[in-house]
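Engineer: Compute the structure for the input listed below.
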Amino acid sequence: MSNKNNLSVVISAYNEQKHIKDCLESVRDLADEIIFIDNTSEDDTLKIAKKYTDKVFTHPNNPMLNINKNYGFTKASCDWILNLDADERVTSELANEIREVIGCKSQVTSHKPIQGYWIPRKNMIFGKWIQNDMWWPDYQLRLFKKGKGSFPEQHVHEYLTVQGETEKLRESILHINYSSIDQFINKIGLYTDNETEQVLSSGRKIIWLDAIRFPAKDFIKTFFAQKGYRDGLHGLVLSILQAFYAEIVFVKIWEKQGFTEENNKTFLKEVYKEFIKIALEIRYWFLSILIEQASNPFKKIFYRLQRKNITRKLK
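Structural biologist: Now for the predicted structure:
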C-alpha cells in the first residue's frame with residue numbers, strides 16, 4: 001500500500017554527527033519526505049543529512065530550540081508530520097503502527113477526527129533503559145496533522161500542542177538520551193538557564209532555605225515517589241544528578257538576586273532543622289516502600305505505626 005504524500009519527518013539538529021545517521025536510517029523507509037533543519041552545525045551533521053534528503057534547510061542555531069522545529073514544520077508538504085530529535089529512533093514496530101494510523105481515515109475520538117498522537121519513549125541513559133516513572137512511558141506528542149501542531153516558543157522543554165483530538169500509540173520511540181556524564185553536564189547549562197527564567201517569571205517566592213529544599217525535594221521525588229530505586233545504581237545516580245540540577249537552578253536564581261547575604265544568629269539552627277526534616281521525609285518514604293513490599297501482615301502493621309509517628313513529627 002502506498003503512503004504517497006502522507007508522512008513528512010521533520011528533524012532539527014546541531015552538531016549531531018554521532019547520532020544523526022541512525023536517526024535518519026530509522027525513518028528512511030517510513031517517510032515520504034525528510035525535512036532536515038541544520039542549525040549551522042560545525043561538524044559533519046549536514047554532510048550526513050544530505051545523503052538521506054535533498055530537503056535540507058540551514059537556520060541559525062537558536063537557543064530556543066522550538067523555533068527551528070516550528071520552522072521545519074512549515075517546510076513539510078505531506079498530510080502528517082512526525083517530529084524527531086537527532087538522538088531518537090523509530091523502531092520497526094512503531095513504523096508499522098504509524099503506517100496503520102495515518103492510513104486509517106475513519107479513526108475518530110468522540111466522533112471527531114484525530115489530529116495527533118502521543119508516542120511513548122524509551123529513554124536509554126548510561127547504557128540502560130530507565131523504567132521508573134520519571135522516564136517511562138514519557139509520552140511525547142510527535143505525530144500530528146500538518147497545520148494542526150506547533151511548539152510553544154517560550155521554554156525549551158514545553159510539549160508540542162495540537163489543535164483537536166489526540167490519542168496514544170502503543171509502540172515506542174527509542175531515545176538515546178545520555179550516554180556519558182559529560183553529555184549530561186554539558187546540557188545542564190541550557191536547561192537550567194531556561195528553568196531559572198521560568199521560576200523567576202512565575203513570581204514564586206524564593207528563600208535561602210531553598211538551597212537545601214530544591215535538591216532534597218527533587219531527590220525524594222525522583223528516587224522515591226517516581227520509583228527511581230527500581231533502577232538500582234542507575235536510578236540512584238540519576239536521582240542525585242537531578243538533585244544537582246535543582247541546586248544549579250537555585251544558585252542561578254541566587255546569582256540573579258545579587259548573591260544576597262544570609263548569616264543571622266539562627267542560621268546554623270535553621271539548617272539543622274531543615275536537614276532533620278529531610279531525614280524524616282526520607283525515612284517516611286523508606287517505610288512506605290517496606291509496607292508495599294512486606295508479605296508479613298505483622299510487619300506491615302509495625303511499619304505503618306512507625307510511619308504514623310513520623311507523620312506526626314512532620315506536621
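Engineer: Let me see the ranges of the strands in the stretch 51-200 of the chain.
Structural biologist: 56-58, 80-84, 88-90, 108-109, 112-119, 121-125, 128-129, 140-145, 149-150, 161-162, 165-168, 173-178 (DSSP state E, counting those that start in this stretch).
Engineer: Parallel or antiparallel, list what pairs with the fifth one.
Structural biologist: Right, the one you point to is strand 112-119. If you go by DSSP bridges, strand 112-119 pairs up with strand 108-109 (antiparallel), strand 140-145 (antiparallel), strand 165-168 (parallel).
Engineer: returning to what we had before: Serialize the strands of the stretch 51-200 of the chain to a markdown table and add fields for distance to Leu305 and mean pLDDT.
Structural biologist: In this view, the C-beta of every residue, glycine as well, is placed from N, C-alpha and C. Supplementary listing: those in a markdown table, determined by distance: least, C-beta to C-beta, whole Å; pLDDT from 0 to 100:
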| stretch | distance to Leu305 | mean pLDDT |
| --- | --- | --- |
| strand 56-58 | 64 | 95 |
| strand 80-84 | 51 | 97 |
| strand 88-90 | 48 | 97 |
| strand 108-109 | 48 | 52 |
| strand 112-119 | 42 | 93 |
| strand 121-125 | 38 | 96 |
| strand 128-129 | 37 | 96 |
| strand 140-145 | 43 | 96 |
| strand 149-150 | 52 | 94 |
| strand 161-162 | 48 | 94 |
| strand 165-168 | 41 | 95 |
| strand 173-178 | 41 | 94 |
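Engineer: So which of these is nearest Thr196?
Structural biologist: strand 173-178 (21.0 Å; C-beta to C-beta).
Engineer: Only alpha carbons, please: show the closest one as PDB.
Structural biologist: Taking Å, rounded to 0.1, in the frame of the first residue of the first chain, the C-alpha atoms of strand 173-178 are listed here in PDB:
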ATOM      1  CA  ILE A 173      10.400   5.900  20.100                       C
ATOM      2  CA  LEU A 174      13.900   4.800  21.200                       C
ATOM      3  CA  HIS A 175      15.700   7.800  22.800                       C
ATOM      4  CA  ILE A 176      19.500   7.600  23.200                       C
ATOM      5  CA  ASN A 177      19.300  10.100  26.000                       C
ATOM      6  CA  TYR A 178      22.500  10.400  28.000                       C
END
